[in-house]
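> Could you look at this predicted model? Sequence included:
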Protein chains: 2
Amino acid sequence: MADTDAIEKAKADYVKWKEIEVESLNSLIGRQLIVGSNMMVARVLLKKGAKVPLHSHHNEQITYILEGALHFHIDNREITVSAGEVLCIPPNMPHEALALEDTVDLDIFNPPRQDWIDKDDAYLRYDADAKA
Amino acid sequence: MADTDAIEKAKADYVKWKEIEVESLNSLIGRQLIVGSNMMVARVLLKKGAKVPLHSHHNEQITYILEGALHFHIDNREITVSAGEVLCIPPNMPHEALALEDTVDLDIFNPPRQDWIDKDDAYLRYDADAKA
């Protein structure tokens, strides 16, 4: 059975971002996922002012900013990652981010973020409209 | 020593595509690499008519076309992957591709393609100007 499962999984998967549901996490952040076997690619859409609170995860992350800019606090540094730029985040390294503009962020993970797949990611599902 | 190495590797890495060398593989294909621990992201620049010959590799691949279009022969299918579209290629699945337009292709691998890092990828280093 295991062999059959493996064969059934081993198909090329052709997908269009425009046909993938955008999951709204809060009023400022939306997200699309493409999940492979050992990698996941997420397209994260952040409105200007969106905050990704300090968090960490065991997954290695590569963040490629396609549009806009995210300001990171990570590794005792302040780094603004703009369109055409990439940030490689090792496993378990705490990081937080602020969208300086409306931003399209491609986040790549190994392994896939099970917490995102399971929607077990309360740190992103805050009320972005609440006053501090 | 291993612990020290691990600590030294665990740094956030901030890079700009425009500052990464474009390696010319042949007259029609250029390539940039960002290599993480267990993932690699490559930005592959293909001129219209560029061919990626039939090949396979043990690495899982996710291909995201940012600009242009690649026509794939894979998994007994013919698939044209255009800008904004993604093809997930399981490990060891043979595939070939033809650039229908000038194309910017983001290729993501797990694990990193050691053959690309080592420039041990003769299948891409052919004379693209040679007549068939």
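It's in. Note that this is a predicted model, so its numbers are computed, not measured. Numbers count the residues shown, from 1 in each chain, chains lettered A, B, ... in the order given.
> and the next element down the chain from the lowest-mean-pLDDT helix or strand in chain A?
When each helix and strand of chain A is scored by mean pLDDT, DSSP states H and E, helix A:2-9 comes last, with a mean of 52. Helices and strands here follow DSSP states H and E; after helix A:2-9, the next one along the chain is strand A:13-16.
> Return the set of buried residues in that following strand.
A:14-15 (16 or more other C-beta atoms under 10 Å in any protein chain shown). Backbone N, C-alpha and C define where each C-beta goes, glycine included.
> That strand: partners in the sheet, and parallel or antiparallel?
strand B:85-89 (antiparallel) (DSSP bridges).
> any idea how far the partner strand is from the chain center?
12 Å (C-alpha atoms, centre = their mean, to the nearest Å).
> Could you pull up the mean pLDDT of that strand?
Mean pLDDT, strand B:85-89: 98.
> ok, and what's touching that strand?
A:12-17, A:34, A:36, A:41, B:60-65, B:72, B:74, B:79, B:81, B:95 (C-beta atoms under 8 Å, 6 or more residues apart in numbering or on different chains).
> Near chain B, which residues of chain A? Just list them.
A:9-18, A:34, A:36-39, A:41, A:60, A:62, A:64, A:66, A:72, A:74-75, A:77, A:79, A:81, A:84-91, A:93, A:95, A:106, A:108, A:110 (C-beta under 8 Å from any C-beta of the partner chain).
> How is the closest residue to A:Gln114 other than its chain neighbours assigned, secondary-structure-wise?
The shortest distance from A:Gln114 to any residue other than its chain neighbours is 7.7 Å, reached at A:Asp120 (C-beta to C-beta, 6 or more residues apart in numbering or on different chains). The three-state label given to A:Asp120 by DSSP: H, G, I helix; E, B strand; the rest coil is coil.
> Tell me the confidence at A:Asp120?
pLDDT, A:Asp120: 93.
> Equivalent analysis for A:Tyr123, please.
At A:Tyr123, the model reports a pLDDT of 95.
> what number of residues lie near it?
Residues lying near A:Tyr123 (other C-beta atoms under 10 Å in any protein chain shown) number 12.
> Likewise for A:Glu19?
9.
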